[in-house]
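Peer 1: what follows is a protein structure lacking sequence information:
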């Protein structure tokens, strides 16, 4: 009899998992299949919004670490544009670089050149930082998942802080020379956005290329130097009325028409709307292509990091 009771208990144990409730729960478990996506991949804005706290943390990390263990700290954000202004003023004195007239008066060269340095400092520092962001954060690429696009975005965005410093310095310079800003300065935030778009457009493309082909990190400084001479930072944009096609070619540089527009909206200088439109479209096209190229190559980042 004990053996018969034991066999009945075993039978009850075997029948336990076969209850309808257990079977229903087993069928309700979702099956998740992960497959590598090919081709051009769209930006997952919903995912980026879900990780928004990480985005702001990365910005704060880069801002706090940028001038860490330096003697002057954030004073470098003030000294850099001032030193560049002095260098360009010396070159202008030697080369006799002319400045445009506004309201019948010729602009002082420091006022003229600093208006171009405000967007140029954002581009010349933010673009290389975005281009090298994947190399400088290789340890993150191989350890934890997050939207990789945050790395070039935060690397360039932190330089908006330096831009704010430079704008404050420029306000002091305008006060010294007793030059009031034009009413069109209300469009300055829109130009800052366009500048950031042009900066990220080139930066995101180079970020992927630099990770796969390390030679590009040596090309970036030469690219910045070349673009400085091809952009009217320390000289006025030449009159291309007789050679319009050449002016249109130059304005394919995203910063060409933007820097000229900064002087127009702040000082009331003449504005070439065509150059601004071409440069803006060029920067936006580079950004769209850079974002999709970044997403297309993102699946291989961990292999090359």
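Peer 2: The structure has been received and is ready for your questions. Since the model is a prediction, treat every value here as computed from it, not as a measurement. Residues are numbered from 1 along each chain as shown.
Peer 1: can we go C-alpha only for contacts and neighbour counts from here?
Peer 2: Fine.
Peer 1: may I see the buried residues of the host helix or strand of residue 165?
Peer 2: Taking DSSP states H and E as the definition, residue 165 sits inside helix 159-176. By 16 or more other C-alpha atoms under 10 Å, the buried positions in helix 159-176 come out as 159-160, 162-163, 165-167, 169-170.
Peer 1: quick one: which two of these are the most distant?
Peer 2: With distances taken as C-alpha to C-alpha, the most widely separated pair in the buried residues of helix 159-176 is 159 and 170, at 16.5 Å.
Peer 1: show residues contacting the helix holding residue 165.
Peer 2: For helix 159-176, contacts defined as C-alpha atoms under 8 Å, 6 or more residues apart in numbering pick out 77-78, 81, 110-111, 114-115, 118-119, 121-122, 125-126, 180-181.
Peer 1: give me that answer again for 10 Å
Peer 2: 59, 62-63, 74-82, 110-111, 114-115, 117-127, 129, 178-181, 192, 196, 267 (C-alpha atoms under 10 Å, 6 or more residues apart in numbering).
Peer 1: who does the very next helix or strand once past that helix touch, helix- and strand-wise?
Peer 2: Remark: after helix 159-176, the chain's next helix or strand is helix 188-212, criterion DSSP H and E. Secondary-structure packing of helix 188-212 (3 or more C-alpha pairs under 10 Å, 6 or more residues apart in numbering; DSSP states H and E): helix 109-131, helix 133-136, helix 150-157, helix 159-176, helix 216-229, helix 254-267, helix 273-297, helix 301-304.
Peer 1: got the angle between the longest one and helix 188-212?
Peer 2: Read that as helix 273-297. Going by axes from the mean of the first three to the mean of the last three C-alpha atoms, to 10 degrees, helix 273-297 is angled at 40 degrees with respect to helix 188-212.
Peer 1: stretch 276-286 - what's its average pLDDT?
Peer 2: The average pLDDT within stretch 276-286 is 95.
Peer 1: what's it in contact with?
Peer 2: The contact list for stretch 276-286 (C-alpha under 10 Å, 6+ apart) reads 191, 194-205, 248-261, 273-275, 287, 289-291.
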